[in-house]
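# sequence and predicted structure, then a few things I'm wondering about:
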Amino acid sequence: MAPQSVFIPSDLGFPLRRAALVVRFLFSVLFLVCLAGPSAHADVGVVLNESLDSSVDRITGTGHSAVYFSRICPDSPVKLRLCRSDEQGSMMSNYINIGEDQPFEWNVVSLSMYLYGVEDSRYRPVFGSYKAKHLLEERYLAKYLTAYCEGPPCTTSFKAEWREMVAATLIRSVYIFSIDTTVEQDRELIAEFNSALNKSHFNGLTRNCADFTRRVINSYFPHAVNPDYLNDFGMTSPKAVARSFTR
């Protein structure tokens, strides 16, 4: 089956020139509603986040890559489990500096927490702002990260990238390209990542966020995701991962 895609636009500064994307937005709402109910199948997906025009993105404009699961949920920010029937899945990502007290390679959060900063998408913010996002980050910190983020700079620095996993759509648009998985595949992924050492070895050229996504997706479907070294100057980019996966 070919991957299916969904686009979830940013809530912050939504310009009039994006009015044509309303239809896509309605589809994304339908996507979330479908996730809320029981499902006979599950998905894994490549997540492509809009560039924030900061750090290296000012030069490359590549955005950020993450992984979506519909049947895998967070047992904690650093442990995985199968979702319950009332849960909507999760997002897993790695960064150059997650910013927690230990140098974790990856964190995982619930889907609604990643997109909107709340546990239930019905209560997502109507409008986005940086102030609202910061309040949602502090709420997530107090509720979920106390064991991993006990003091500065984790609790105070705006450069701690665990913050990017809370209410992402308040500041950037998100694209998700997904494909069906089996429960056996999901169980194998959970066992592999729960038993492996979760320690960061981030490298912008050879072990970046797109390389992490490639590793996860290819563990399900070998060779489904590939870099474009020629056009990306020898590195794996988020856009190349999404493009090769959809093909």
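On my side now, so go ahead.

# list the buried ones in stretch 69-83?
Neighbour-count burial for stretch 69-83, with 16 or more other CB atoms under 10 Å as criterion, is recorded at 69-74, 77-78, 80, 83. Glycine gets a C-beta too; all of them are placed from N, C-alpha and C.

# tabulate the residues you listed (JSON lines), appending secondary structure, pLDDT and distance to residue 113.
Output for the buried residues of stretch 69-83, formatted as JSON lines (DSSP: H, G, I helix; E, B strand; the rest coil; pLDDT from 0 to 100; distance: CB to CB, whole Å):
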{"residue": "69", "secondary structure": "strand", "pLDDT": "98", "distance to residue 113": "13"}
{"residue": "70", "secondary structure": "coil", "pLDDT": "97", "distance to residue 113": "15"}
{"residue": "71", "secondary structure": "coil", "pLDDT": "97", "distance to residue 113": "17"}
{"residue": "72", "secondary structure": "strand", "pLDDT": "98", "distance to residue 113": "14"}
{"residue": "73", "secondary structure": "strand", "pLDDT": "98", "distance to residue 113": "11"}
{"residue": "74", "secondary structure": "strand", "pLDDT": "98", "distance to residue 113": "9"}
{"residue": "77", "secondary structure": "coil", "pLDDT": "97", "distance to residue 113": "10"}
{"residue": "78", "secondary structure": "coil", "pLDDT": "97", "distance to residue 113": "15"}
{"residue": "80", "secondary structure": "strand", "pLDDT": "98", "distance to residue 113": "15"}
{"residue": "83", "secondary structure": "coil", "pLDDT": "97", "distance to residue 113": "13"}
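
# with those in mind, which one is nearest to residue 42?
Proximity of the buried residues of stretch 69-83 to residue 42 (CB to CB) peaks at residue 71, which lies at 3.4 Å.

# distance of the nearest residue to that closest one once chain neighbours are set aside relative to residue 78?
Spatial nearest neighbour of residue 71, excluding adjacent residues (CB to CB, 6 or more residues apart in numbering): residue 42 at 3.4 Å. Distance, residue 42 to residue 78, using CB to CB, to the nearest Å: 21 Å.

# please enumerate the helices of the protein.
For the chain, helices defined by DSSP state H occupy the ranges 22-36, 57-60, 111-116, 130-144, 183-195, 209-220, 238-246.
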